[in-house]
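1. I would like to see how this sequence folds:
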Amino acid sequence: MKIRCTLFLLCSAMLWVTAQNEYEPSETNPYGLKNPRAPEQLDDFQPLIGLCDCDSESRNPDGSWAEPVKMTWKYKYIMNGMAIQDETLKADGSHSGSIRQFSTDSLKWYVHYYASSTPTPTLSSWEGDKNEDGKIVLYKPQKAPNGTDGFSRLTFYDISKTGYKWIGEWMDTTETITYPFWKISCIKRE
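-> Presented below is the predicted three-dimensional model:
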């Protein structure tokens, strides 16, 4: 009887652990799977799940565009399929990533960004949603270098199964003045 009870408890524990991890990245699903209990809005980023080859362009100090830097941008499900994490690996040696969670209370995405070049005790974060044009638009309050109030706006657009584009812009509070500071174009590899 004692052996049966021990086996039952061991099997129950193994099933519980498996259920807690069944949507995590694995050999079978290297980018994980969306948990059926996750908010449906995780589908906003579904076309990005996987690996893309990208060109990343940012502004030089004089305002001109620097030469594109080759990078890979990988998206995967995390937290047992309840959120999304991305990671960039750039040819210039800089790397970054984000954790993306959707709140069913506010109906907004919350995106927390980190980078190898700027370790920080507090992560920058943007919030936003997918608009009627199919663009995912995220905002964070940010002053311009001259002190003008405004926002950092990050936009994913032209999203398809074959790739997507991304642009980072500073904009004033009325959204009449915009200044692109970073743009990325990606083609899906897998």
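
2. Only C-alpha atoms from now on, for both contacts and neighbour counts.
-> Will do.

3. Validate this expectation: Gln41 resides in a helix.
-> Yes. According to DSSP: H, G, I helix; E, B strand; the rest coil, Gln41 belongs to a helix.

4. Could you give the average pLDDT over stretch 123-137?
-> Averaging pLDDT along stretch 123-137 yields 96.

5. Which residues does that stretch contact?
-> For stretch 123-137, contacts defined as C-alpha atoms under 8 Å, 6 or more residues apart in numbering pick out 44, 107-114, 138-140, 153-159.

6. same check, this time on stretch 157-176
-> Residues contacting stretch 157-176 (C-alpha under 8 Å, 6+ apart): 47-48, 52, 134-136, 142, 144, 148-156, 177-188.

7. Relative to the whole chain's centre, how far out is that stretch?
-> 14 Å (C-alpha atoms, centre = their mean, to the nearest Å).

8. Between the two ends of that stretch, how far is it?
-> 20 Å (C-alpha to C-alpha, to the nearest Å).

9. One more: stretch 81-94?
-> End-to-end for stretch 81-94, by C-alpha to C-alpha: 27 Å.

10. do the same with stretch 138-157
-> 12 Å.

11. Over to stretch 49-63?
-> End-to-end for stretch 49-63, by C-alpha to C-alpha: 33 Å.

12. What lies in contact with it?
-> Contacts for stretch 49-63 (C-alpha under 8 Å, 6+ apart): 31, 65-77, 163, 181-190.
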